[in-house]
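**Student:** okay, predicted coordinates and the sequence, questions at the end:
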Amino acid sequence: MADLRALRVGLRARRRAGICCLLLALAGCAQLVPQTMALRTGWPAGVARQVELASVPFFPQSQYQCGPAALATLLNHAGVKITPEALVDQVYLPARQGSLQAEMLAAPRRYSQVSYLLAPRYDDLLREVAAGNPVLVLQDIGPLMTQWHYAVVAGFDYPAGELHLRSGTRKSEALPFTLFERTWMKSGYWAMVVVPPDRIPATATEARWLAAVMAMERTGDREAATLAYAATLKRWPGNLPASIGLANQYHAAGALKEAEAVLREASARHPGSTVVLNNLAQNLSDQGRQQEALAQIDQALQAQGPFAAEVRETRRLILQRLAAQRPQGAPARPGSK
Amino acid sequence: MRPIMKSLMCRSLIVALMTLSFQTARAGMIGADQVAASVQPDRTAVLSVLSRADTMAQLRAQGIDPAMARERVAAMTDEEVQALAANIETAPAGGVSTAAGVLAVVVVAALVWYFAFRK
C-alpha cells in the first residue's frame, strides 16, 4: 500500500516537474514570437479571421529576382500591367544579386502608384490584407546564414494558424504564424503596400500618407498627384500641405478656378497662413484680377509668417502687372509702391 | 586631373552653387513640400544633392548603367537617398528563392573535416 502511495506521489511530482518545464519552454517560445503571442489575446478589432485575396496574381520568380516578381504582383493588383522582367532594370542590383528595400519603395512611384511602408506590426499587416491590399514583406529564410527574400502575403487563416504567401515559385505557400514571424522579424518587420493614388491604405496615418504622396509626386504623373492630394483632403480636410499640393496641381494644369476654390477653402481653415495667402494672390494675379491679388498679398505681408521673401517677390510681380495694365501717363494709385 | 581631386572639386562646386542659389526667393506658388519641409530646408537640400550623386555613383559601381542609375535615384525621397548612400554595401538585398543553408552546412562541415583530419 505504502509503495503504491509513494509511486503515485512520485508520478505526480514528475508530472508537475514536466508541466513546469513545458511552461518554461513555452515562456521561452513566447519570447521568440512576441507578436504572434500578442495576437492570441489581442486580435485586431474589426479584422476577419480568414481572408483570401484570390485576385492577387502570381509571378513565379527567376533566380535572385524575387524583388521584381513580388513588385510585379503588387503593381498588377493595383492596376498596372507589368511583367517582372520589365522591373529588373529598376530594382535589381547584379552585384548584390538582389533588390534593396529603398528601391522596392521607389519603383512603384514611376508608375504613378503610391508605395506605403507599414508600421512594423502584425496587426497592421493583417488589417491591410483584410482590407484587400496584398502586403510585400522582407524575410530572412536562411536556416543558418542570412538569406533575404521578398514575398507577398495574399491571405491568412487564423483558425488554421497559417498565412498564405505568393513566394518564389509557389503560388500559395502556407506558413504558420509563428514561423512567419521568425523570418519576418529579422528585417525589423518590414512590410509595404502599393496602392492607386486615390486609395488610402487601411492603416495609413496622416503624416506618413502625405509623405508617401509627396514622394510619388516626384516621378508620378500630374493626374495621379491630383487624385492623391484630393483623396488626402477628403480624408483629412485640415491638411494644409495637401491643400497647397492640390491647388498647385490644378494651377500647373491651367485650372485656375479650381485652384482658387481649393485655396479659398484652405484660407477659411487656416486663416493667416502666409502660404495660402501668397498662393491665392499668385492665382488671382494669374487670372488677371490684380487688385484682389494685391489685397491678399498685403494680408500675407501683415501676417509676417515664414516665406517672407517669396511673399515680397509675389507682391513685386503683382505691382508690375498692375503697372503694365495702367494706360500710359495716368497717375499712379496712392500706396501702390 | 586625378579622380579624387576631380570628385572633391565637383562637390565643392555643388555646395557653392547651392549656397548661392538659396539667397534668392522667387514669385509664384510656394510648394507643398516647402510647407511640409523640416526646420533646415537649405541644409537638407545640399545634403541630398551630395547623397544623390553618391548613390548614383555607387549604383553604377554595382553594375547599373548611368542613365538608369539617375532614374532610379530620382524616384527616391531625400531621406531614402541619404539612408541608402550611407549603407548601400550592407543593406539587405532580397533575392534568394529557396534557402541554400543546408548545402552550406554540408560544405563547411566537409571542409572542417578535411582540414582537421588530414594528415
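**Tutor:** Done, it's in. Note that the structure is predicted; figures quoted are calculated from it, not measured.
**Student:** I'd say A:Gly67 and B:Gly94 touch.
**Tutor:** Yes - between A:Gly67 and B:Gly94 there is a contact under C-beta atoms under 8 Å: 5.4 Å. Just so you know, the C-beta spots here come from the backbone N, C-alpha and C atoms, and that holds for glycine as well.
**Student:** where does the nearest residue to A:Asp157 once chain neighbours are set aside land on pLDDT?
**Tutor:** Nearest residue to A:Asp157 in three dimensions, chain neighbours excluded: A:Gln50, at 5.0 Å (C-beta to C-beta, 6 or more residues apart in numbering or on different chains). What the model reports for A:Gln50 is a pLDDT of 97.
**Student:** A:Gln50: what's it in contact with?
**Tutor:** Taking C-beta atoms under 8 Å, 6 or more residues apart in numbering or on different chains, we find A:Gln50 in contact with A:156-159.
**Student:** counting neighbours, which of those residues comes out on top?
**Tutor:** Ranked by neighbour count (other C-beta atoms under 10 Å in any protein chain shown), the contacts of A:Gln50 have A:Phe156 at the top, with 26 neighbours.
**Student:** may I see the buried residues of the particular helix or strand that has that one in it?
**Tutor:** Element membership for A:Phe156 (DSSP states H and E) is strand A:148-157. Using 16 or more other C-beta atoms under 10 Å in any protein chain shown as the test for burial, strand A:148-157 gives A:148-156.
**Student:** out of these, who's nearest B:Ala53?
**Tutor:** A:Trp148 (27.0 Å; C-beta to C-beta).
**Student:** just checking, the closest one touches B:Gly95?
**Tutor:** Yes - under the criterion of C-beta under 8 Å, A:Trp148 makes contact with B:Gly95 at 6.6 Å.
**Student:** give the residues shared as contacts by these two.
**Tutor:** Contacts common to A:Trp148 and B:Gly95, judged by C-beta under 8 Å, 6+ apart, are A:Gly98.
**Student:** quick one on the thing from earlier: pLDDT of the strand holding A:Phe156, averaged?
**Tutor:** Here the average pLDDT along strand A:148-157 is 96.
**Student:** can you give me the helices for the chain?
**Tutor:** With no chain named, the answer covers chain A. A:2-32, A:34-41, A:66-77, A:84-91, A:101-106, A:122-130, A:177-185, A:206-219, A:222-235, A:240-252, A:256-269, A:274-286, A:290-303, A:308-325 (DSSP state H).
**Student:** wait, I meant chain B there
**Tutor:** Listed in chain order, the helices of chain B (DSSP H) span B:3-21, B:32-36, B:41-61, B:66-74, B:78-87, B:101-117.
**Student:** now render these as TSV, adding mean pLDDT.
**Tutor:** As requested, the helices of chain B are exported to TSV (pLDDT from 0 to 100):
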stretch	mean pLDDT
helix B:3-21	67
helix B:32-36	85
helix B:41-61	80
helix B:66-74	92
helix B:78-87	87
helix B:101-117	69
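**Student:** what's the closest of these to A:Trp209?
**Tutor:** That would be helix B:32-36 among the helices of chain B, by C-beta to C-beta, at 12.0 Å.
**Student:** ok now that closest one, how far from the chain's centre?
**Tutor:** 24 Å (C-alpha atoms, centre = their mean, to the nearest Å).
**Student:** flag every residue of the stretch 201-337 of chain A that's near chain B.
**Tutor:** A:210-211, A:214-215, A:217-219, A:229, A:240-242, A:244-245, A:247-248, A:251, A:275, A:278-279, A:282-283, A:307, A:309-310, A:312-314, A:316-317 (C-beta under 8 Å from any C-beta of the partner chain).
**Student:** any of those residues buried? List them.
**Tutor:** Using 16+ other C-beta under 10 Å, the buried ones in those are A:210-211, A:214-215, A:217-219, A:229, A:240-242, A:244-245, A:247-248, A:251, A:275, A:278-279, A:282-283, A:307, A:310, A:312-314, A:317.
**Student:** return the distance of stretch A:43-54 from the chain's centre.
**Tutor:** 20 Å.
**Student:** buried residues, it. List them.
**Tutor:** Result for stretch A:43-54 [16+ other C-beta under 10 Å]: buried residues A:47, A:51, A:53.
**Student:** and for stretch B:76-89?
**Tutor:** For stretch B:76-89, by 16+ other C-beta under 10 Å, it's B:76-78, B:80-85, B:88.
**Student:** over to stretch A:219-232?
**Tutor:** Buried-residue list, stretch A:219-232, by 16+ other C-beta under 10 Å: A:219-220, A:224-232.
**Student:** which one of the residues you listed is nearest chain B?
**Tutor:** A:Thr219 (4.7 Å; C-beta to the nearest C-beta).
**Student:** doesn't A:Arg321 make contact with A:Gln282?
**Tutor:** No - A:Gln282 is beyond contact range of A:Arg321, at 10.9 Å (criterion: C-beta under 8 Å).
**Student:** one step back: from the contact counts, what lies against the strand holding A:Phe156?
**Tutor:** strand A:50-52, helix A:66-77, helix A:122-130, strand A:135-140, strand A:162-167, strand A:170-176, strand B:93-94 (3 or more C-beta pairs under 8 Å, 6 or more residues apart in numbering or on different chains; DSSP states H and E).
**Student:** quick one, that strand and strand A:135-140 angle?
**Tutor:** 130 degrees (axes from the mean of the first three to the mean of the last three C-alpha atoms, to 10 degrees).
**Student:** strand A:148-157 pairs with which strands, parallel or anti?
**Tutor:** strand A:50-52 (antiparallel), strand A:135-140 (antiparallel), strand A:162-167 (antiparallel) (DSSP bridges).
**Student:** for A:Met37, find the nearest of those.
**Tutor:** So among those, strand A:162-167 is nearest, using C-beta to C-beta, at 15.8 Å.
**Student:** from the chain's centroid, how far away is that closest one?
**Tutor:** 22 Å.
**Student:** any idea which of the buried residues of stretch A:219-232 the model trusts least?
**Tutor:** Scoring those by pLDDT puts A:Gly220 last, at 80.
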